[in-house]
Structure formats: C-alpha cells, structure tokens
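In: no FASTA, just this:
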Ligand SMILES: CSC[C@H]1O[C@H](OP(=O)(O)O)[C@H](O)[C@@H]1O
C-alpha cells in the first residue's frame, strides 16, 4: 500500500509513524527509503526479506533492526511445519545467525539473536513438537515489540526529568535542544529514545521545551527526512540545520542547553557508537559548555566491550555520498534513474562512508536508560555502568 504524504493531523500522528506493523503472523514495515514523500508498507514474510530490509535500510534504527529481524523470522516459521523440535531449533538458530549478518554496529540485534537462540535451544530440550518450539519463539519475538515501547517511554520520562533538573540548576525557564539522526518512532517500536525524551519533554504540561534543532544527518538524511517527518507529525516547533552548522548555531544561540542523541552500542566505560557526526557534536557541546546526553535502552550497553576502540563501525557504499540522495542507488542499479542526473560528485570520485563514529565517555554528560540516568563520578572520565545489567 503506497500513499502520497500530505499535511498531518496530530491525531493521526502515531498511525503515520508506525515503523513496524505486526498482526500475528503478518509483518509489514514502513519503507523509510521513500519517506517523507511516500508512505509505503512492505510485507516481510521471511528472514531473507527481513535481512534485506535491514541491510538496505528500508528499516533502520538500533531497536527497530532487532525487532524486525526477530519478527521476520516469526512470520516465516509461523508458516512452516517442522517434523521435530530439533528440526525447528536448527532452522531458527541458523536463520538468526544469518539475520545477525545484516548490519554490524547496533548491539540490539546481537543481543536479541543471542537471547532468542538460547531460548529456543532450551525449549527444544523439553518440547515434544516443532510447533511448541515455534510458539515459544514467536511469543518471545512479540515481547520485544511491546517491551521496546515501554522502555522508550521510561527513557523519555527519565530524560525529561533530568533535563528539567539541569535547567533548574542553570536557572533557565525555557530551553532549546538539538538532536542528530533519527531516534524516534521510526527507529524503534514507538515513541523513540533521544527523540522520545524530546517528545516526553514537550508533552509535559508547562513544558520548558521551546524549540528543537535537528541536523540533516548526511548522507542518508535521517534528520532531514525522518526526524523532520516525525516532528511535523507531532507539531513540535523545530528547525532543520546542516550538520556543518552546529558549532556556529551553538555560538549564536545560548538557549540550546543540550544535544541529545541515540546510541547503537555503548561500551562498558560509556564510550558510545552512534550515527556519523555524533562525535563532532560532542566536541562542539564540550567547547560551548552544553550538555551532551546519550539516550538508549540498557540492552544497548555492551558489557563485553571495554571501550569504544572495540566497537565495529559499519562502512557503507560510496554512492550514498556521491549521489544526490545516496539511498536511491538501488533505483540507478535498476535503470530507473540515470546515474548522471543524480551525481553530486564527478563519476569515479572516491568517498569514505562510515555509518557511525565513537564518542568518548569523557565528552558525554549523561547516559539515559529506561532504568536510570547515569553520570560520571566526580573527577572520572568514564562511566560505571555495572549497575545497569
Ligand atoms: C534509536 S536508533 C539508534 C541509532 O540508529 C541510527 O542509525 P541508522 O539510522 O543507521 O540505523 C542512529 O545511529 C541512531 O542514533
């Protein structure tokens, strides 16, 4: 189903922002390569289709990636008959390993794969039929969907309270914030993480939030396309800025008290991998004396990784940079669009396209999770997140 996106009414906002639709056993996802101009859902009937949807970034965002992966396999196994519990176990575990190869940086996917494999192996020891193994898997995948929204609302509430408290300490009554990439309903099962804090703060009665700035987030343009779409749906006052203008904006506007970003993977010491450009924002925030806040569910903290040096950073195709809108690369390959009409850089230009970077814990003011808000101990340059798990 495809429809042109016209003006929004806030009452229908949540419907327009549903990145993942699950009606057991049917999964469909909002094709985010076409937003904001076309709102089109794609049916996902297998783990192979789920892998493509994630790798191509039809769906994206650390939490959404994990949930779409799990539910794509739930959709597939719901339509299959397994002769034994062991056969069901082996199929599910093999497919989960395959889904884990779709994108390397967001830990949510790997956390889900590990937990779901463990569950299925344990169930297969006692189950008498393949259907029993399938049922336990599908139930667990569905729980991820519901838990993500609950976690995001808790992150929103914890983050809003923290920002209100910090604004009080700063003696400011009205504030502006800046965010990067897209960390809202389109990156999750609903509400969002960093954008979830912004939603929660704005929705409070007597809100102190006056305005939101957000970066375009080259080259996929999660900000200009997706965050703009969400903020417009929610009628939150906002202004789009070029990624390169943020330092100048902070210098010009002292009422921007915080930069709030998401996370794809947080190391044990608080070093944070997030969308490319995040590290530069943290440096700008430090120089201009503004808060730099990371928002993420506790599963985004990878206690197996000591520092950001160990986080694998995804590198994507050069055409995402050299093409006017890199994500239309597929259409060029399909002959739908002439390559020359879309090139920004001369054909043959080399480009380096890391999809994420790592912000050292030293530059992070606070890490907001669904459980608590973490700050560094006085005099420390790293976080103690042991209490999180
Ligand atoms: C709550 S989404 C977290 C994270 O995912 C985004 O990356 P991508 O759009 O490439 O999947 C971005 O880094 C967000 O901050």
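Out: Done, it's in. Not measured: the values here are computed from a predicted model. Numbering: from 1, shown residues only.
In: so what's residue 29 closest to, chain neighbours aside?
Out: residue 59 (4.7 Å; Cβ to Cβ, 6 or more residues apart in numbering). For every residue, glycine as well, the C-beta is placed using N, CA and C.
In: can you check residue 61 too?
Out: residue 187 (2.4 Å).
In: cool, residue 45 as well?
Out: Take residue 45 and drop its neighbours on the chain: the residue closest to it by Cβ to Cβ, 6+ apart is residue 75, 5.5 Å away.
In: can you name the next helix or strand after the helix or strand containing the one you found?
Out: Element membership for residue 75, per DSSP states H and E: helix 62-77. Proceeding N to C from helix 62-77, the next assigned helix or strand is helix 85-99, under DSSP H and E.
In: so which residue is dead centre in the protein?
Out: For the chain, the residue nearest the mean C-alpha position is residue 61 (2.6 Å; Cα atoms, centre = their mean).
In: shouldn't that one be in contact with residue 189?
Out: No: Residue 61 lies out of contact with residue 189 (Cβ atoms under 8 Å); the separation is 9.7 Å.
In: list residues touching both of these two?
Out: In terms of Cβ atoms under 8 Å, 6 or more residues apart in numbering, residue 61 and residue 189 are both contacted by the residues residue 19.
In: tell me the contacts of the residue nearest to residue 29?
Out: If you count contacts by Cβ under 8 Å, 6+ apart, residue 59 has them with 19-20, 29-32, 53, 65, 68.
In: now residue 305: how far from residue 176?
Out: 34 Å (Cβ to Cβ, to the nearest Å).
In: I'd like the mean pLDDT over whichever strand or helix holds residue 144, please.
Out: Taking DSSP H and E as the definition, one finds residue 144 inside helix 130-170. Averaged over helix 130-170, pLDDT sits at 98.
In: got the angle for it vs helix 85-99?
Out: Computed by axes from the mean of the first three to the mean of the last three Cα atoms, to 10 degrees, the angle separating helix 130-170 from helix 85-99 equals 40 degrees.
In: what's the first helix or strand after helix 130-170?
Out: Note on helix 130-170: by DSSP H and E, the next helix or strand toward the C-terminus is strand 175-179.
In: name the residues that touch the next helix or strand after that following strand?
Out: Once the chain leaves strand 175-179, the next helix or strand it forms, by DSSP H and E, is helix 194-203. Residues outside helix 194-203 that contact it (Cβ under 8 Å, 6+ apart) are 152-153, 155-157, 159-160, 163-164, 177, 179-180, 182-185, 187-188, 191-192, 207-209, 212, 227, 230, 234, 236, 260-262, 293-295, 368.
In: show me how far helix 194-203 is from its chain's centre.
Out: From the chain centre to the centre of helix 194-203 is a distance of 15 Å (Cα atoms, centre = their mean, to the nearest Å).
In: so residue 144 touches residue 69, yeah?
Out: No: with contact defined as Cβ under 8 Å, residue 144 does not count as touching residue 69 (9.6 Å).
In: helix/strand/coil for residue 294?
Out: Here residue 294 is strand, with the state taken from DSSP: H, G, I helix; E, B strand; the rest coil.
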